[in-house]
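K.L.:
Pasting the sequence and the predicted model now:
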Amino acid sequence: MFKSIQLLTLVLVTLSFSCISCDKDIDLGNQPEVIDSLITLTQLLVEVTGFENLDGDIAIAIYNSSETFNSETIYYRDTAVVVSANSMTIHFESMDPGTYAISILHDADQSGDMEMGGLFNLIPQEGFGFSNNPEIGFSEPEFNVCKFELEEGLIVSVPISLIYM
């Protein structure tokens, strides 16, 4: 009896495999596909140092043209991150290769604007900085002074030291 059950099981398994066919016309829906086997992401690391306090946010604006540099509303990418340490690294992934400049505000009071004070209300009361850490005079630096190149497939680190007046 045991041998007949084994034989019957073997016959049923063999028949079930012979009924399965490989129909190449069956629609399996959207399947994964390799688009590029050597995908490279261009990444930007903004390394901010020199916080005088850990209040508020750090607002970062990345510009890709001299026409929009230091605009408060037109930029390539931006972010605001809660200040959590005296030095911070903010990571931007999937950047397009190109020429960029960065402007940073330590928005300690989280107002969204640079607080001004002092004589004639002209002195910044919060920290700020720019890529390439240019000398700061009586006006904001130009795009050409702050610009840097971001090449495809590279991870580029841009150190920025905050300035408090």
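P.N.:
Thanks, I have the structure now.

K.L.:
shaky segments in the chain?
P.N.:
Low-confidence segments of the chain (pLDDT under 70): 1-40.

K.L.:
Who are the packing partners of the longest strand anywhere in it?
P.N.:
Counting residues, the longest strand found in the chain (DSSP state E) is strand 98-107. In terms of contacts (3 or more Cβ pairs under 8 Å, 6 or more residues apart in numbering; DSSP states H and E), strand 98-107 is packed against strand 43-49, strand 57-63, strand 128-130, helix 143-146, strand 148-150, strand 155-161. (Each C-beta comes from the backbone N, C-alpha and C, glycine too.)

K.L.:
Could you dump those into CSV and include distance to residue 86?
P.N.:
Below are these laid out as CSV (distance: least, Cβ to Cβ, whole Å):
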stretch, distance to residue 86
strand 43-49, 7
strand 57-63, 12
strand 128-130, 14
helix 143-146, 23
strand 148-150, 24
strand 155-161, 12
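
K.L.:
Show me the one of those that comes nearest residue 89.
P.N.:
Taking Cβ to Cβ, strand 43-49 is the member of the helices and strands packed on strand 98-107 nearest to residue 89, at 5.0 Å.

K.L.:
Which positions in that closest one come out as buried?
P.N.:
For strand 43-49, burial by neighbour count (16 or more other Cβ atoms under 10 Å) applies to 43, 44, 46, 48.

K.L.:
could I have it exported to PDB, CA atoms only?
P.N.:
Below are the C-alpha coordinates for strand 43-49, written out as PDB (Å, rounded to 0.1, in the frame of the first residue of the first chain):
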ATOM      1  CA  GLN A  43      26.600  64.800  -4.400                       C
ATOM      2  CA  LEU A  44      27.300  68.000  -2.500                       C
ATOM      3  CA  LEU A  45      28.300  68.100   1.200                       C
ATOM      4  CA  VAL A  46      28.000  71.500   2.800                       C
ATOM      5  CA  GLU A  47      30.200  71.600   5.900                       C
ATOM      6  CA  VAL A  48      29.100  74.500   8.100                       C
ATOM      7  CA  THR A  49      31.300  75.600  11.100                       C
END
